[in-house]
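> Requesting a structural model of the entry that follows:
(3 chains)
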Amino acid sequence: MKRAVAISLKIPDNTAYTALVALRRLGVAVARVERSDVYFFEDGADRTALAARVAADEAIFNPNKHRLAVLDRGAPRRGEVWIEPLIASKGAPAAVAWRLLDEAGAPVERSVLAAAVERLLCNPAIDRAVTEGTR
Amino acid sequence: MVSSGVSGTANVALRDDELARIEERLGRAPSAVELHAFDAQWSEHCSYKSSRHHLKRLPTSGAGVVLGPGEDAGILHLGVHEGERYGVVVAHESHNHPSQVVPFEGAATGVGGIVRDVLCMGAEVIGLADGLRFGSVEGAHQAYVATSAVDGIGAYGNAIGVPNVAGDVYFDAGFDENCLVNVVALGIVNENEIVHSFAPKNADGWQIVLVGKATDPSGFGGASFSSLSLDSEDAELNKGAVQVPDPFLENVLMRASYHVLRLLRQLAIPAGFKDLGAGGIVGCSAEITAHGGYGAQIDLDAVNVAVEGMAPQVIAAGETQERLLWVVPPEIAPEVLRIYNDVFTLPDVAYNARAGVIGQVTAERRYVMRHRGEVVMDVESEFLTGSIRDELPYTEVIRHEGAVDELPAVDVEAIFPQVLAHRDVCSREPLYRRYDAVVRGATVLPRGRADAGVLAPIPGSRLGVALAVAGNPRYGRIDPRYAAEHAVLEAMRRVVAVGARPIGLTDCLNFGNPRKPDQYGAFVAAVDGLAHAATQLDLAFVSGNVSLYNESGDGLAVPASAIVAAIGAFDNVGDAVTPGLKEPGSTLLWIGSRELVVGGSVLADVLGIEGPLPGLSYGAERAAVAIVHEAIARGVLRSCRAVRDGGMLTALARLSFDAMLRGRTVGAEIDFGNPLCEGGGFLCEVSDAGAIDLTGVLRVGETNDRRELIVNGVRFDVRRLYDVWSQPLEELYP
Amino acid sequence: MSARIAVPVFPGTNSEDETVRLLRDCGGDAELVHWSEPDALRQFDAYVLSGGFAYEDRIRAGAVAAHDRMMDLVIAAADAGKLVFGICNGAQILLEAGLVPGTGPARRPTAAFAKNAPSAHFICRHVHLRLALEPGRCAITAALPSGALIPAWAAHAEGRLAATPQRLEEIVSGGHVAFVYAHADGTVDSEAVPNGSALGCAGLVNRDGNVLAIMPHPERDAWNFNHLDLIEGDDVLAPSGGSAVFRSFVQALA
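As a prediction, the model looks like this:
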C-alpha cells in the first residue's frame, strides 16, 4: 500500500519564516507557514513498521532535528499545497508541502493559497502545484 | 541579594569539588543562573582547565606576531601596502561533538563561529579552511556524517561568501564514533584598526549591545556538552544542544558589522567586540568586561528572545548562534542599533533578530544579572572568568616502534596505483568542489590545485597569503608527539611549496579523555611535539583550540590529532609557484630527508606492514626551505610539491596531473630507491640546477615531452593514473 | 558625464565588492545600492546584479529576491531599455523576475535555473563560456569578438536551465541562448557542462538584447593574479581573462 510520510524540522525552519515574510510583503494574508518534505513509500500497510523504517534512514531523517508523520492521506489538506518537481530525482522528496494558516490558526482560503502558489511557491517551468481536490 | 538557591544539579557537568568551591566563595548555594554560568565557564571548552598549563609551553610570540592567543583570534604581520601595516587574523576551532550528533548543523555552525571570531577583531573575513577526520565510510552512519558535515560547511561558507581555500581530510575507523571537524578562518586588518575582545580603557558606564539572532533554547548546555564523551544512547538527551545555523543572517550580520567598524574608525572611537560562543550571553559579557578590568550589569529582560517563558539560565547560558556583543560608548549606541536594525533590517532577516542594549559596563568588578527585576546572579567577575586549573595525572607515551626495519621489495607497477587510489591519497575534488573556493575574486590558487591555498586579500596590493592544514592520523596512531611535530612540518612545507614565507601557525588539539592518564598523556606529548617543532622553526602559535573527550562508547580515544594550520606570506603574490610540471627538459630534485623508511606511510598501510617512523631533522628542514626559496629568487623553480601521503612518486604524479589538466604535454623519468617512502621534503622542477647550491639535494630525474611517468624503468600513462586517483571519492560525494 | 552603474545588494548577496571593483577597473562608474534604500536605484543608467544567495535562495534560487522592492525598479529600468546584467544569483533573480528569457509576463517565470543534475549538489568548477550569438544581438556583448571564449567559475547549486519543451523551443527560436559552456579550446560537448543545463546553456538574453543573465562568474577569473600561469602582460593586478565581458558592458554605456 502506497503511503506518504512528512518530515519536518523541529528546530526552527528558517525557510518557512522567509516564505512567511515574503508572502506578507506580497499582500498575501497569511499568519503562519509550515513546511515539510513529503516522501512516498509503496510498502506502507503497517504504519508503525513504516515509521520505524524511515526513522532509521539517516539520509532523510535525523531524530535530533526532524519530526516524522505517517500521513493517512496521499494528498494535501485544506490550506496546503504540495509542490512537486515535474521531473522527479532519485533520493529527493516527492514534494515540498506548504501549509498556510491565518490569524486564527485556521487553514487559509483557497484563493489565498492560489495567490501564494502563483506568485511565489511554484515555478511552473519545473514544478507542479497540487492542492486539495486536484488529485 | 540573590534569592533563588538550587538544590538539584541536573544537566550540569560541574564536579562536586567545583560546586563546593563555588558555594564557599559565594557564601551560599548558587542560583540556577549562577550554576549554569559556572558550568559553562568552568567547562573544559571555556576554561581549558586541564590543558592551559600545558599549552603554556607553546611558543606564542616573535617578530611577526601582532597578537598572540588570548582573544577571539590571533594576528600575524603580513606586510606593508601604501604605508599601512596589514595583519592576517586567524582563528582555529573544532566543532567535533556537534558534528557527530547533527553533522550538517554541527559543521555549519562551526564555520559560523570561527568567522565571527575573526570578524570581531575588526577584520574583513577572507578565507576558510577545514581539517576533517571521518570514520571508515563503508558504514552507512559514517558516510552520512562525512557527507552531511561537508554539506554543512559548504552551505554556510558559500552563503556568507567566504572562499574555502585549504584543508585536508582523512577517513579512518578510529573516527567512526567521533568525527573531527576543525575549521580555520582568515581575515585581513589594518594593524592600526584592530578591535579587541575586551572593553577598552575608560569604559565605565559604556553600553553592552547584543546583536543577532533571537536567543532560543537551542544549544543550551553546549559548552559542557562538548566536554563530555559521546554516547549514542545520550544523543536524544543532548538535543537541546543542537545548534541551528542561519548563514543568511550571518551574511547580513557580517556586512552590517563592517559598516559599524567603518563608522567607529571614522570617529576614532574604540570599542570591544566579541563573538558569543560557549557560555552564551553570560560567558561573553562576563569575559568582555572582566578582561578589561570591569564588571557588568546585565538585564535579561532586554534580550530579544525567540520564545516567551524561557528560564533565565537558558537565556543567560544558551548558545544560540549568530550573535555578537559590542561594548560601545552610550553616545554611539543608538547609531550602532540603527545600522543593524534599520539599515541592515535584521528583524526582517530572521525572526526577532536585532541589536539592543542589554546592560552596562561597571567599574566595580562584579557581574550582576537581573531577570524580571530580581537579581539572579551576583558574583565576582574574576571568580567566574578567571583561570581554574585541573592538574590531572598522565602517563608518558611510548612510541610504538614497528617490527620491520628493512625496506620490503616493492613492485611499483602493481602498488603505485593502489597508493594513488588509497583513501588518504586519492583526489579530494569530489568533496571540495561543494565549497566555493573563489568568491570575493581574490583567489590566486584555489583548493586542490596546489599544496596550499593562496589569496590576494587587499584590493590593489600585491601582498599575498597562503594557508594550509596538516595532521596525519596514521602517525597519530603510532606516536602522538611525532605526529604533532610532523603536522607542524607538513603545514609549513605546504605553504613553502607554493612559494610563500611561513609566518605563523595555529593548532587544534583533538584528543581523548583527559581523566584517563594514557589518553591525557597523548595530549601532553602532542603539546611537547608542537612546542618543539615550532621553536625549531622559529614560528609561533597565535591561535588554537583544544577538543577533549573525543572518546568512543567503548573507551577508545580518536587517533591522536594535533591539526595544524600554517600561514604564509608573499610580498608579491605574482611569485606564487603555479601548479603542474611546466616544460620538458627540466631537472627534478628531491630536497629534504633522504631516509628511506616506510613507518606510518600509505605504502605501509597498503602492504599491511609496520615500521619505524622517518627521522626528523630540523637542520635539514630549514635548509630545504632555504633552497626552495633560493630557487624561486633565482627564477629557476618551475613547479614544486611537498612530499607527503603517498611519497615522492605521488607528488610527481600530482605535478603531471596538473600539467595535463592545463593542456601541457609534460611527463618525467625518475630513478630512485623507493619512491613511495614518505620522508618529507620537496619535489622540485627546476630549469637550471646549476643556479642553486645543491648541498643535500638529490637529482632524481628529468621531465620529458610525453604524458608518461617512467619510474625505475616502469612506465605509467598519466591519464590512466589520473583516472585511478580521481575516482574513489566520486561515489561518496557525487 | 559617464553612465552610472548600480550594483544592488540584496540581503544575502555576497559578490558585490569584487563586482564593483572589476567594473571600476574596466572604466565603469559603479557603486553599491543597498536594499534599505531601493529608491536610489532610480538615479542609475545600468544595473549589475551580482552573485550570492539573496534571501539564502530559500524556496527557490532568486524567488524571494525577484519580489524585493529593488526589483520593481530594475524591472521598470529593463522595460525602459536600460542595460541589466545578472551574474549567478543575479541571473537567477532575473529569471525569476521574468526578465530573461522574457517570454512571459513579469514575475511569471517561463524557465528556471533548477537544481544541478545529475548531482544536485553545489559545484565549484572552472569553466569557459562561449558566446553563442552574434555579438551585436545583445548590447552587453557587442564589443566581444564573434564566438568569444570567456574563462569563468561556475559556483552554484541551481544553475541548470530547465523549462517545458515548448518553452525551450521558444528560447532557441527567439535566439535567447547567449552563452554555452565550452572547453578551454572552445569545443562544446556535454562534458563541458557542469550542471546538466538544457542546451548547454550558460547564459540567456531577452528579446531586446538589453538584459543578460549568466550563471558562471567571469569576475572570479578576471585579474592576472587569478590565473598566474596565463598572465597577460606583466602586471599581476591588471584585469584580464573574464574581465572581457565587463569591458564590453562598460563600452556599451559609453
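> make it CA atoms for all contacts and neighbour counts henceforth
Will do.
> among the helices and strands of chain B, which has the poorest mean pLDDT?
helix B:222-225 (a mean of 58; mean pLDDT, DSSP states H and E).
> Just the buried residues of the helix or strand following it, please?
Per DSSP states H and E, the first helix or strand lying C-terminal to helix B:222-225 is helix B:247-267. Buried residues in helix B:247-267, counted by 16 or more other CA atoms under 10 Å in any protein chain shown: B:247-261, B:263-264.
> do the same with stretch B:303-311
B:Val303, B:Asn304, B:Val305, B:Ala306.
> again, but for stretch A:122-135
Neighbour-count burial for stretch A:122-135 [16+ other CA under 10 Å]: A:Cys122, A:Asn123, A:Pro124, A:Ala125, A:Ile126, A:Asp127, A:Arg128, A:Ala129, A:Val130, A:Thr131.
> is it possible to export those to TSV including distance to A:Tyr39 and pLDDT?
Below are the buried residues of stretch A:122-135 laid out as TSV (distance: CA to CA, whole Å; pLDDT from 0 to 100):
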residue	distance to A:Tyr39	pLDDT
A:Cys122	18	97
A:Asn123	20	96
A:Pro124	21	93
A:Ala125	22	92
A:Ile126	18	93
A:Asp127	16	95
A:Arg128	16	95
A:Ala129	16	97
A:Val130	14	96
A:Thr131	16	95
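> Give me the subset of the residues you listed that lies in strands.
Per DSSP state E, strands hold the following members of the buried residues of stretch A:122-135: A:Asp127, A:Arg128, A:Ala129, A:Val130, A:Thr131.
> which residues sit in contact with the third one?
Contacts of A:Ala129 were listed using CA atoms under 8 Å, 6 or more residues apart in numbering or on different chains, and they are A:Val81, A:Trp82, A:Ile83, A:Glu84, A:Val117, A:Cys122.
> Could you check how far it is from B:Gly205?
57 Å (CA to CA, to the nearest Å).
> now the second one
From A:Arg128 across to B:Gly205, the span is 59 Å (CA to CA).
> Give me the pLDDT for the residue in the stretch 1-150 of chain C positioned nearest to chain A.
Residue nearest to chain A within the stretch 1-150 of chain C (CA to the nearest CA): C:Ala111, separated by 4.9 Å. Looking at C:Ala111, its pLDDT stands at 97.
> Check whether it really touches C:Ala162, as I assumed.
Yes: taking CA atoms under 8 Å as the definition, C:Ala111 is a contact partner of C:Ala162 at 5.8 Å.
> Neighbour count: these two, which is higher?
Neighbour count, other CA atoms under 10 Å in any protein chain shown: between C:Ala111 and C:Ala162, C:Ala111 has more, with 25 against 22.
> who's in contact with that one?
A:Asn123, A:Pro124, A:Ala125, A:Ile126, C:Leu95, C:Pro101, C:Leu161, C:Ala162, C:Ala163, C:Thr164, C:Arg167, C:Leu168.
> Among these, which are located in helices?
C:Leu95, C:Arg167, C:Leu168 (DSSP state H).
> Let me see the contact set for the residue nearest to the first one when sequence neighbours are not counted.
Pointing back at C:Leu95 there. Take C:Leu95 and drop its neighbours on the chain: the residue closest to it by CA to CA, 6 or more residues apart in numbering or on different chains is C:Pro109, 6.3 Å away. By CA under 8 Å, 6+ apart, C:Pro109 lies in contact with A:Asn123, A:Pro124, A:Ala125, C:Leu95, C:Glu96, C:Ala97, C:Gly98.
> burial count for the fifth one?
Applying the criterion other CA under 10 Å, we find 28 residues in the vicinity of C:Glu96.
> show me what contacts it?
C:Gly62, C:Ala63, C:Ala66, C:Arg107, C:Arg108, C:Pro109, C:Ala112.
> per-residue confidence averaged over stretch B:68-88?
Mean predicted confidence for stretch B:68-88 is 97.
> Stretch B:629-649 now?
Computed over stretch B:629-649, the average pLDDT equals 96.
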